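> Mind looking at a prediction? Sequence and model below.
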Amino acid sequence: MNRRHFLQQSALTTAAVSALPLSGLAASDAKPSIRFAFMTDVHIKTGAVPEQGMQRAFKHVNALRPKVDFILNGGDAIMDAMKATKAKVEEQWDLWNTILAKENTLPMYHCIGNHDAWGWQMTEPEIKKDPLYNKAWVVQQHQMPGRYYSFIKANWKFIVLDSAHENNGGYIAKVDEEQMQWLQKELSGTDQSMHICIASHIPIVSFVSGFFFDKTEDNGDRKISRALLHTDSFTLTELFRNHPNIRCCLSGHIHLQDIVEYRGIHYYCNGAISGNWWGGAFKGFDPAYAVFEFFKDGSVKREMIRYDL
C-alpha cells in the first residue's frame with residue numbers, strides 16, 4: 001500500500017474500533033494512579049453561548065467527585081487566531097484567561113491547536129515579523145515550557161506534541177524534523193517500567209477523521225485531509241512499535257469521538273467542549289469532555305461526560 005492510500009485508509013484498517021457517543025474501555029478495578037480530564041476544542045469567543053458554555057464546562061469538571069488531578073487541554077482554546085487581527089486574538093485570549101480565573105482551580109497542561117496559532121491565513125507582511133506570530137503567542141498565554149514537552153505523573157510519562165503546522169495558507173498535521181528527533185530521544189530515554197501517554201491536537205490514528213466530511217471522493221475513496229490526520233502516521237506508528245510501554249494517544253480536533261486499537265496502542269479522539277462550534281451537537285456528538293483513569297499496570301479507562309446535562 002503506498003503512502004497516499006495509507007493516509008486515506010489508515011483510520012479504517014485497525015484491530016478494533018469504537019465510535020459511540022459515550023464510550024470507554026474496561027480497565028483494572030484497582031484504584032487509578034491518575035485521574036484527569038481531557039478538555040479540547042473550547043473555541044472560546046465573545047457571545048453568551050460560548051462564554052456561558054465554557055463557564056459551565058470548567059465549573060462542572062472542578063466539581064467532579066472523585067476529583068480529577070489536573071486538566072489536559074487538547075488545543076483550539078480560542079475560536080481562531082489563524083485569520084484574525086491582533087486585537088481580535090487578544091480579545092479571545094483575555095476571555096479565555098478571565099473565565100479560567102473564575103471557574104478553574106485545577107492544574108492545567110496544554111496542547112497547541114491549529115486555531116491557537118496566529119497569522120497563518122493573514123496576508124499582511126508585518127504580521128510575520130511580529131514576535132507573537134505563529135505559536136509564540138499561545139505558548140506565552142498557556143505558560144508552556146515549549147511548543148512540545150513532557151511531564152511525569154506517578155508511573156506515567158505524558159509526551160505532548162505540536163501537531164499542526166502552517167502549510168500554504170492552511171495547515172498540515174505532522175511532527176516536524178526537530179520535534180521528531182526530540183521525540184525519538186524522549187522515548188528512548190524513558191525507562192520501560194514507566195507507561196507513556198502521547199497527546200496531540202490532531203489525531204495520529206483515528207476512525208472518525210474519515211467521517212468529518214459528508215461525502216467521498218468521486219471515485220469512492222474516503223476523503224481524509226492532511227489537516228485531519230497526521231500525514232506521518234506510518235512513521236509514528238512504526239516508531240511506536242519499538243516502545244511497548246506506549247499505552248495510549250489522546251487527541252481532539254475532529255469534534256467527534258472514537259477509540260481505535262492499533263498494534264496494541266489505544267488512540268482516543270475526545271470530542272469537543274464546543275460541540276458544533278457552539279451550535280449544539282456535531283454529527284450526533286454532544287459537547288463533552290473526557291475523564292481518564294490511568295492505572296499502575298498500564299491500563300486505561302475513559303468516560304465521556306456531557307457537561308450540559
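Sure thing, it's come through.

> how much space between the residue of the chain most remote from its centre and residue 53?
For the chain, the residue at maximal distance from the C-alpha centroid (Cα atoms, centre = their mean) is residue 219, at 31.0 Å. Taking Cβ to Cβ, to the nearest Å as the measure, residue 219 falls 40 Å from residue 53. To be clear about C-beta, it is placed using only N, CA and C from the backbone, and glycine gets the same treatment.

> With residue 153 instead?
In terms of Cβ to Cβ, residue 153 sits 28 Å off from residue 53.

> For those two, indicate the residue with more neighbours.
residue 53 (22 against 15; other Cβ atoms under 10 Å).

> Enumerate every residue touching the more buried one.
By Cβ atoms under 8 Å, 6 or more residues apart in numbering, residue 53 lies in contact with 273, 274, 278, 287, 308.

> Can I get the buried part of these as one PyMOL selection?
Selection of buried members from the contacts of residue 53 for PyMOL, criterion 16 or more other Cβ atoms under 10 Å:
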select buried, resi 273+274+278+287
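
> From the contacts of residue 53, which one has the minimum pLDDT?
Within the set of the contacts of residue 53, pLDDT is lowest for residue 308 (86).

> who touches the nearest residue to residue 287 once chain neighbours are set aside in this structure?
Spatial nearest neighbour of residue 287, chain neighbours left out: residue 275 (3.6 Å); criterion: Cβ to Cβ, 6 or more residues apart in numbering. Counting by Cβ under 8 Å, 6+ apart, residue 275 touches 255, 281, 282, 285, 286, 287, 288.

> Can you tell me how far the fourth one is from residue 304?
Think residue 285. Taking Cβ to Cβ as the measure, residue 285 falls 9 Å from residue 304.

> neighbour-wise, which of these two wins?
Relative neighbour count places residue 285 above the other of residue 285 and residue 304, with 23 against 20, counting by other Cβ under 10 Å.

> State whether the more buried one and residue 270 are indeed in contact, as I suppose.
No - contact status for residue 285 versus residue 270: not in contact, 10.2 Å apart, counting by Cβ atoms under 8 Å.

> Between the two, which contacts overlap?
residue 257.

> Specify which member of the contacts of residue 53 is nearest to residue 42.
residue 273 (4.5 Å; Cβ to Cβ).

> name the element that closest one belongs to?
Counting by DSSP states H and E, no helix or strand carries residue 273.

> residue contacts, it?
39, 40, 41, 42, 43, 53, 54, 57, 287, 288, 289, 307.

> Please tell me how far the closest residue to it other than its chain neighbours sits from residue 165.
Excluding its sequence neighbours, the residue lying closest to residue 273 (Cβ to Cβ, 6+ apart) is residue 42, at 4.5 Å. Residue 42 sits 21 Å away from residue 165, going by Cβ to Cβ.

> who has more neighbours, these two?
The residue with more neighbours, out of residue 42 and residue 165, is residue 42; 29 against 19, by other Cβ under 10 Å.

> ok but residue 240 is inside a helix, no?
Yes - assessed with DSSP: H, G, I helix; E, B strand; the rest coil, residue 240 lies in a helix.

> didn't it look like it was pressed against residue 262?
No - using Cβ under 8 Å, residue 240 is not in contact with residue 262, being 9.1 Å away.

> circling back to that earlier point, show the contacting residues for the residue farthest from the centre of the chain.
Contacts of residue 219 by Cβ under 8 Å, 6+ apart: none found.

> Please apply the same query to residue 232.
174, 175, 180 are the contacts of residue 232 under Cβ under 8 Å, 6+ apart.
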